[in-house]
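Asker: Next comes the sequence, and after it the predicted model I'd like to discuss.
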Amino acid sequence: MKNINIVLAANILKFRKLCGMTQSKLAEKLSVSSQSVSKWETAKAAPDISLLPMLADIFDCHIDQLFSR
């Protein structure tokens, strides 16, 4: 499970940067704190499963791409 969190963390960071978005802007779009986004990107926590479709929409990708290497 930890490996999946590391992959997800790296992909959230990658897609956020590709979109030219700050952690604060992503947090605002998801109605979460910027600290939450920071924890996701460092694999200290993972987003709630209900946020995955919203993340995919924001990043214009499929949910499975968030978990792929």
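Answerer: It's in.

Asker: so residue 64 is in which element?
Answerer: Following DSSP states H and E, the helix or strand that holds residue 64 is helix 63-66.

Asker: For the residue positioned nearest the centre of the chain, give me its contacts.
Answerer: In the chain, the residue lying closest to the centroid (Cα atoms, centre = their mean) is residue 12, at 3.4 Å. Residue 12 sits next to 37, 40-41, 47, 55, 66 when contact means Cβ atoms under 8 Å, 6 or more residues apart in numbering. Backbone N, C-alpha and C define where each C-beta goes, glycine included.

Asker: C-terminal to the helix ranked longest in the chain, which secondary structure element comes first?
Answerer: Longest helix in the chain by number of residues (criterion: DSSP state H): helix 2-18. Moving toward the C-terminus from helix 2-18, the first helix or strand encountered (DSSP H and E) is helix 23-30.

Asker: what helices or strands is that next one leaning on?
Answerer: Under the contact criterion of 3 or more Cβ pairs under 8 Å, 6 or more residues apart in numbering; DSSP states H and E, the helices and strands touching helix 23-30 comprise helix 34-41, helix 52-59.

Asker: picking that back up, generate a PyMOL selection restricted to the buried subset of the contacts of residue 12.
Answerer: Entered in PyMOL, the line below selects the buried ones among these, by 16 or more other Cβ atoms under 10 Å:
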select buried, resi 37+40+41+47+55+66
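
Asker: Export the contacts of residue 12 as TSV, with columns for pLDDT.
Answerer: Written out in TSV, the entries for those read as follows (pLDDT from 0 to 100):
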residue	pLDDT
37	98
40	98
41	98
47	97
55	98
66	97
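
Asker: okay, the contacts of residue 12 in CSV with distance to residue 30 next?
Answerer: Rendered in CSV, the data for those read as follows (distance: Cβ to Cβ, whole Å):
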residue, distance to residue 30
37, 8
40, 10
41, 13
47, 8
55, 7
66, 13
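
Asker: just the contacts of residue 12 now: which is nearest residue 8?
Answerer: Closest to residue 8 out of those is residue 66 (5.9 Å), distances taken as Cβ to Cβ.
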